[in-house]
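Q: structure of the sequence below:
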Amino acid sequence: MVLAIVAVLAGVSGTTLISALPEAEMNRATRTIVSMCRHARCEAIKRNEQIRFQCDMQQNTCEISVRNDNTLLRRFDLSSLRNRVAHTKSFTTHFNGRGRASVAGTVTIQNNTGLSRTLTVRPSGSVIVE
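A: From the prediction side, this is the model:
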């Protein structure tokens, strides 16, 4: 009797956990991209030079690099996530030594279950998630 109860509870909790995975992956991707954007801004201020933040739809990656010599500082490959998280369009901006973005715009990511998140980079350099 105890084994039957444990089996039923395991089955119910297992299906709940599996259904929550796509949203967890989307949240992870969102947090990582926001973190990268903030990192790019901080590096620009620290180095007092332009740092490029680029999300490439074709490669499905986000990168931070030094604008002058293209030194790669950080890279995130969205293809490594389980639920096929991808960019809906490419976006590039540069943060200057004062932390301001050269181009304001949005980064939208979407997974294969239809979940999507939009991150907005403001001219001030701040990032918000909608």
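Q: so where's this protein shaky on pLDDT?
A: 6-20 (pLDDT under 70).
Q: try it again with 90
A: 1-25, 79-85, 87, 112-114, 130 (pLDDT under 90).
Q: where do the strands sit along it?
A: 51-56, 61-66, 72-77, 86-87, 91-95, 105-110, 116-121, 127-129 (DSSP state E).
Q: list the buried ones in the fifth one?
A: Of all the residues in strand 91-95, those buried under the rule 16 or more other C-beta atoms under 10 Å are 91, 93-95. (Each C-beta comes from the backbone N, C-alpha and C, glycine too.)
Q: got the angle for that strand vs strand 105-110?
A: 140 degrees (axes from the mean of the first three to the mean of the last three C-alpha atoms, to 10 degrees).
Q: helices or strands next to strand 91-95 in the packing?
A: helix 2-47, strand 51-56, strand 105-110 (3 or more C-beta pairs under 8 Å, 6 or more residues apart in numbering; DSSP states H and E).
Q: do that again at 6 Å, thanks
A: Here strand 91-95 touches helix 2-47, strand 51-56, going by 3 or more C-beta pairs under 6 Å, 6 or more residues apart in numbering; DSSP states H and E.
Q: phi and psi next, for the closest residue to residue 50 other than its chain neighbours.
A: Nearest residue to residue 50 in three dimensions, chain neighbours excluded: residue 67, at 4.0 Å (C-beta to C-beta, 6 or more residues apart in numbering). For residue 67, the backbone dihedrals (degrees, to the nearest 10) come out as phi -60, psi -40.
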